[in-house]
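Student: Turn this into a model:
(chains A and B)
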Amino acid sequence: MSESSAIIATNLSVVYGSRNVLLNVNLQVGSREFVAIVGPSGVGKSSLLHALAGFIPCGGNPTAPKHFGFVFQSNPVFPFLTVEGNVGLGVRSRSTEGREQRIIQNITAVGLQQERHRYPGQLSGGQVQRVALARALAADPEPQILYCDEPFGALDVFTRERMQELLLSLSESRNMAVLFVTHSIEEAIFMADRVILLKDHSLKDEFPVNFPRPRRRQIKYSSEFVTLQQMIVGAMESTRDISKISPHT
Amino acid sequence: MLVSWKSIASVAVVLLIWEISSRCEIVSPRLFPPPSSVAVAIGEIVRTGELWTNTIVSLRRAMLGLVVGCLTGIGIGLMTGRVKTIDAFVSPAIQLLRPLPPVAIIPLVIVWLGIGEVAKVWSIAFAVFFPVWVGSHQGARTVPQTFLWAARSLHIGRSATFIRVVLPAALPLIVSGIRSGIAISFVMVFVSELAGASSGIGYAINTYQLAYRTDFMMAYLVVLGALGAASDQIVLKLIRLGFPWLGLIES
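Tutor: Model (predicted):
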């Protein structure tokens, strides 16, 4: 793996039975790059993350970091552990104080200090995703890449925007890459350095996003943002089921 | 648990109708002694101390059988639920025995082990095993895949994943298996005491049947029902106390 790349995948393929879920995907992600993946349902976006994380077998021998964080959309945290228990599960610090400090530091980073002794069942959807983020980031050794599989898909618009900003600030302050799967083109452009379009089980197109960092919410109303959004929607137009893609949500 | 006035009124009406029917001899008071006579009988067995002796004996048998049945059911259920090879070898044999009404094995257990304590505990444990096994097996099998993947991404190792993720994730179904086990243990302790015992609630009811004392038979039935309900609630409270998150998941 080159020093500047977190992921190098050449001809990555995933097959379920006789069905090709992903076919010959070529992907390279820089070590501090934020890449968003969009595409219709069932195109293999989640499978791509699962394959890179090593959860499912794949062809093509991709090179991906061994130390990674993963934020899931469904069952994102352990309901039987408190916020502190969840965040602390992957912390392997040497001393009790070191461990405690690392847990608190990550709980504070996602703004859940007050909730540290509560169970996920007592938290809102947004708070649960904050726990999932903190758990992924707190793990030892520190993750080199964060895989996010539609983590904000089930959240309301307001919470979703706040979570986007939180993830942006966390990813900018840490030395890691992010591979972010989403249904929302707006979310993808707002957060990523590059948006990748998966279509027909393969990587079809990619769009660099040149907005400066740190990102401000106002860019969503700029003409460049809207133009880029329309370009990506346009690139999807040949897709069989365009109704599953939302340019706005 | 709050009891509404409607449920109290419903029970009171039934008891009142029963009392009047028996007192006015609409039904035979010898076959259906009025609730007041049953209450007197309860007072009597409390006073002589026989209720306490018999209850302790029955409870000890039920609890021992329950513990043995739960431990084996949970242990084997978690293994068959998680390890495919063990599942392939062990589960068909368990499924073959599962449809047997557990009380049907009591005569065979008597031939094997006699009518002593071991035989009774064994019969109860046998019956408790199945619902607890089903709960543990299903619980371990249906652990969300994302839990296991998350554990992998956190590098917490196989045995730690089993103890810290699989076991608690399976707990809601294990608990429902245990609750079915509690109900079955009371059925089994009663039937195994009917089939040969010199103490216990089943033995007492059998003895009073020979003496045609329906009031004392009913007194013991009331106690048996109350014990079953109380045990379920106590175990549930203890589990909720130890695992407060369980209530949050169920709600």
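
Student: which residues of the stretch 151-251 of chain B fall in helices?
Tutor: Here the stretch 151-251 of chain B has its helices, by DSSP state H, counting those that start in this stretch, at B:158-161, B:167-194, B:201-210, B:214-242, B:245-250.

Student: so which of the ones you listed is the most packed in?
Tutor: Among the helices of the stretch 151-251 of chain B, helix B:167-194 has the highest mean neighbour count (mean count of other Cβ atoms under 10 Å in any protein chain shown), at a mean of 22. Yep, even glycine has a C-beta here, placed from its N, CA and C like the rest.

Student: close to chain A, is that helix?
Tutor: Yes: interface with chain A: helix B:167-194 contributes B:Pro168, B:Ala169, B:Leu171 (Cβ under 8 Å from any Cβ of the partner chain).

Student: circling back to that earlier point, turn the helices of the stretch 151-251 of chain B into TSV, including mean pLDDT.
Tutor: Listed next are the helices of the stretch 151-251 of chain B as TSV, based on pLDDT from 0 to 100:
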stretch	mean pLDDT
helix B:158-161	92
helix B:167-194	93
helix B:201-210	93
helix B:214-242	92
helix B:245-250	77
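
Student: so the longest helix seen in chain B versus helix B:214-242, what angle?
Tutor: Identified as the longest helix of chain B according to DSSP state H is helix B:50-82. Using axes from the mean of the first three to the mean of the last three Cα atoms, to 10 degrees, the inter-axis angle of helix B:50-82 relative to helix B:214-242 is 40 degrees.

Student: Please verify my assumption that A:Phe190 contacts A:Gln164.
Tutor: Yes: checked against Cβ atoms under 8 Å, the pair A:Phe190 and A:Gln164 is within contact range at 6.2 Å.

Student: which parts of the stretch 151-251 of chain B sit against chain A?
Tutor: Proximity of the stretch 151-251 of chain B to chain A, by Cβ under 8 Å from any Cβ, involves residues B:151-156, B:164-165, B:168-169, B:171, B:243-245, B:248-249, B:251.

Student: pLDDT score for the residue of chain A found nearest chain B?
Tutor: Nearest residue of chain A to chain B: A:Gly121, at 2.8 Å (Cβ to the nearest Cβ). pLDDT, A:Gly121: 93.

Student: would it count as being in a helix?
Tutor: Yes: secondary structure of A:Gly121 (DSSP: H, G, I helix; E, B strand; the rest coil): part of a helix.

Student: who touches the residue of the stretch 151-251 of chain B found nearest chain A in this structure?
Tutor: Ranked by Cβ to the nearest Cβ, the top residue of the stretch 151-251 of chain B for proximity to chain A is B:Leu248, at 2.8 Å. Listed by Cβ atoms under 8 Å, 6 or more residues apart in numbering or on different chains, the contact set of B:Leu248 reads A:Pro79, A:Tyr119, A:Pro120, A:Gly121, A:Gln122.

Student: List buried residues within the residues you listed.
Tutor: Buried residues within those, counting neighbours by 16 or more other Cβ atoms under 10 Å in any protein chain shown: A:Pro79, A:Tyr119, A:Pro120, A:Gly121.

Student: Distance to B:Glu193 added to those residues, as JSON lines?
Tutor: Listed next are those as JSON lines, based on distance: Cβ to Cβ, whole Å:
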{"residue": "A:Pro79", "distance to B:Glu193": "42"}
{"residue": "A:Tyr119", "distance to B:Glu193": "43"}
{"residue": "A:Pro120", "distance to B:Glu193": "46"}
{"residue": "A:Gly121", "distance to B:Glu193": "42"}
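
Student: what's the most distant pair in those?
Tutor: Distance extremes for these: the farthest pair is A:Pro79 and A:Tyr119 at 6.7 Å, using Cβ to Cβ.

Student: got any ranges where chain A has weak pLDDT?
Tutor: A:1-3, A:238-249 (pLDDT under 70).

Student: related to what we said a few turns ago, looking at the helices of the stretch 151-251 of chain B, which is closest to A:Glu33?
Tutor: Using Cβ to Cβ, the nearest of the helices of the stretch 151-251 of chain B to A:Glu33 is helix B:158-161, at 31.0 Å.

Student: export that closest one as CSV, just CAs?
Tutor: Listed next in CSV are the C-alpha coordinates belonging to helix B:158-161 (Å, rounded to 0.1, in the frame of the first residue of the first chain):
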residue,chain,number,x,y,z
ARG,B,158,-13.6,-14.9,19.8
SER,B,159,-14.1,-15.9,23.4
ALA,B,160,-14.6,-12.3,24.5
THR,B,161,-17.1,-11.9,21.7
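
Student: just checking, what packs against that helix?
Tutor: When contacts are defined as 3 or more Cβ pairs under 8 Å, 6 or more residues apart in numbering or on different chains; DSSP states H and E, helix B:158-161 sits against helix B:145-153.

Student: quick check: angle from the helix it packs on to helix B:167-194?
Tutor: Going by the same axes, to 10 degrees, helix B:145-153 makes 120 degrees with helix B:167-194.

Student: Run through the residues that contact B:Asn206.
Tutor: Contacts of B:Asn206 by Cβ under 8 Å, 6+ apart are B:Glu193, B:Leu194.

Student: Residue 146 - how many residues pack around it?
Tutor: You didn't say which chain, so I picked chain A. A:Leu146 is flanked by 24 other residues according to other Cβ atoms under 10 Å in any protein chain shown.

Student: please go with chain B instead
Tutor: B:Thr146, neighbours per other Cβ under 10 Å, totals 19.

Student: Enumerate the residues of chain A near chain B.
Tutor: Checking chain A against chain B by Cβ under 8 Å from any Cβ, the hits are A:50, A:53-55, A:67-70, A:72, A:74-76, A:78-81, A:89-90, A:92, A:119-122, A:135-136, A:139-140.

Student: quick one: pLDDT of B:Ala140?
Tutor: 96.

Student: circling back to that earlier point, common neighbours of A:Pro79 and A:Tyr119, please.
Tutor: Joint contacts of A:Pro79 and A:Tyr119 (Cβ under 8 Å, 6+ apart) are B:Trp245, B:Leu248.

Student: Would you mind measuring from A:Glu186 to A:Lys204?
Tutor: 19 Å (Cβ to Cβ, to the nearest Å).

Student: before we move on, what SS does A:His117 have?
Tutor: Reduced to three states by three-state DSSP, A:His117 is coil.

Student: now it, nearest residue through space, not along the chain?
Tutor: A:Thr82 (5.5 Å; Cβ to Cβ, 6 or more residues apart in numbering or on different chains).

Student: Ok, B:Ile74 next?
Tutor: B:Ile74 sits nearest to B:Ser136 (Cβ to Cβ, 6+ apart), 4.7 Å away.

Student: sec struct for the one you found, please.
Tutor: Assignment for B:Ser136 (three-state DSSP): helix.

Student: what's the answer for the one 4 residues further on, then?
Tutor: Judged by three-state DSSP, the three-state class of B:Ala140 is helix.

Student: what's near enough to touch A:Arg162?
Tutor: A:Gly126.

Student: Check which element follows the longest helix belonging to chain A along the chain.
Tutor: Longest helix of chain A, by residue count under DSSP H: helix A:157-173. Next in sequence after helix A:157-173, counting helices and strands by DSSP states H and E, comes strand A:177-181.

Student: what's next to that following strand, contact-wise?
Tutor: Contacts for strand A:177-181 (Cβ under 8 Å, 6+ apart): A:6-7, A:29-38, A:45-46, A:48-49, A:52, A:144-151, A:167, A:171, A:188, A:191-192.

Student: Go again with 7 Å.
Tutor: A:6, A:29-37, A:45-46, A:49, A:144-150, A:171, A:191-192 (Cβ atoms under 7 Å, 6 or more residues apart in numbering or on different chains).
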